[in-house]
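Colleague: need coordinates for the below:
(one chain, ligands or ions: 2)
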Amino acid sequence: MLNLVDTHCHLNSEELEKDLADILQRAIAQNVTRIMVVGADIDSSIKAVDLSKHFASSGLYAAVGVHPHDSSSIPGGIPEVLISLSHEPCVRAIGETGLDYHYDLSSRSQQRDSMAWHIDLAKRAGKPLIIHIREAFDDAIDILVSEKAEECGGIIHCFSGSWDDAVKVLDLGFYISFAGPVTYPRNKDLREIACRVPMEKLLCETDSPYLAPQPKRGKMNEPSYVVYTFQFIAQLRDMDLENFVDSVWNNSCRVFKWGGE
Ligand SMILES: [Zn+2]
Ligand SMILES: [Zn+2]
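Modeller: Ligands and ions are numbered 1, 2, ... in the order given. Sure, this is the predicted structure:
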């Protein structure tokens with residue numbers, strides 16, 4: 001049986017939460033058996049942990065952290081509550097954190113400080129990072145290097161960089177995760193990267209409720225739609241869907257340590 005995994009979504013968002021039972025049922029119908037629910041601020045991190053406890057049997061796990069958009073809301077280093085959440089067994093990653101210079105919703109220096117303390121938190125917790133980078137690869141890679149993020153490793157989620165950027169994060173041991181945009185016709189460069197990333201470093205995600213893959217574009221995204229990204233990249237790489245799904249599954253087990261539990 002195929003075991004699909006959505007390594008990044010926001011089931012803790014208002015949009016998806018109100019429809020959760022149906023969304024989880026559709027995920028199971030597509031064999032999506034592991035779903036990483038990612039925090040974007042303190043409240044949504046707490047919610048991610050609550051959801052993953054409540055829906056453990058649906059394969060939900062949590063990541064806790066503060067999105068770069070919101071780094072200005074937490075100006076003073078690692079919040080106590082994230083330290084305690086980071087030790088929860090259902091918490092398998094720290095994030096999402098990173099740099100977003102496209103929207104600049106928090107000042108760049110606040111984003112950089114926040115990214116640095118997330119790396120510290122991940123190392124303390126012994127858990128991988130989930131990193132968001134938009135139009136900020138040079139600075140983000142500098143921080144990953146200077147803060148020794150290779151000690152905890154992690155994922156560059158919804159990858160949008162160049163092949164050179166990919167090589168740099170791969171050298172640090174990071175995984176690269178592709179979301180809906182790889183399926184959009186204009187993203188030719190991204191498709192080339194999805195072909196070149198070593199199979200043992202590649203992951204798939206929805207980043208739902210955002211960025212639905214091409215066949216569902218414009219709709220609200222949800223974990224079951226990860227199947228389109230799986231099919232698309234398997235075809236790009238000229239791989240059997242089963243082999244591709246198996247490899248991504250194994251990668252997710254390695255990074256999130258969720259095995260066959
Ligand atoms: Zn993100
Ligand atoms: Zn996200």
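Colleague: wasn't residue 115 part of a helix?
Modeller: Yes - secondary structure assignment places residue 115 in a helix (DSSP: H, G, I helix; E, B strand; the rest coil).
Colleague: right, and it touches residue 100 too?
Modeller: No - under the criterion of C-beta atoms under 8 Å, residue 115 lies out of contact with residue 100, with a separation of 10.4 Å. All C-beta atoms are positioned from the backbone trio N, CA, C, and that covers glycine.
Colleague: intersection of neighbour lists for those two?
Modeller: residue 68 (C-beta atoms under 8 Å, 6 or more residues apart in numbering).
Colleague: please, which helix or strand holds residue 84?
Modeller: helix 80-86 (DSSP states H and E).
Colleague: OK, contacts around the closest residue to residue 152 other than its chain neighbours?
Modeller: Among residues not flanking residue 152 along the chain, residue 122 sits closest, at 4.2 Å (C-beta to C-beta, 6 or more residues apart in numbering). In this structure, residue 122 makes contact with 86, 93-94, 128-129, 149, 152, 154, judged by C-beta under 8 Å, 6+ apart.
Colleague: farthest-apart pair in those residues, please.
Modeller: Maximum pairwise distance in the contacts of residue 122, criterion C-beta to C-beta, is 15.5 Å, between 86 and 149.
Colleague: returning to that earlier point: which one of residue 115 and residue 100 has more residues nearby?
Modeller: Between residue 115 and residue 100, counted using other C-beta atoms under 10 Å, the more crowded position is residue 115 (28 against 20).
Colleague: gap between the more buried one and ligand 1?
Modeller: 13 Å (C-beta to the ion, to the nearest Å).
Colleague: show me where this structure has its helices.
Modeller: Remark: helices assigned in the chain by DSSP state H are 14-17, 20-29, 42-54, 80-86, 108-125, 137-146, 163-171, 188-196, 226-236, 241-256.
Colleague: export these as TSV, with columns for mean pLDDT.
Modeller: Below are those laid out as TSV (pLDDT from 0 to 100):
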stretch	mean pLDDT
helix 14-17	94
helix 20-29	97
helix 42-54	98
helix 80-86	98
helix 108-125	98
helix 137-146	98
helix 163-171	98
helix 188-196	98
helix 226-236	98
helix 241-256	97
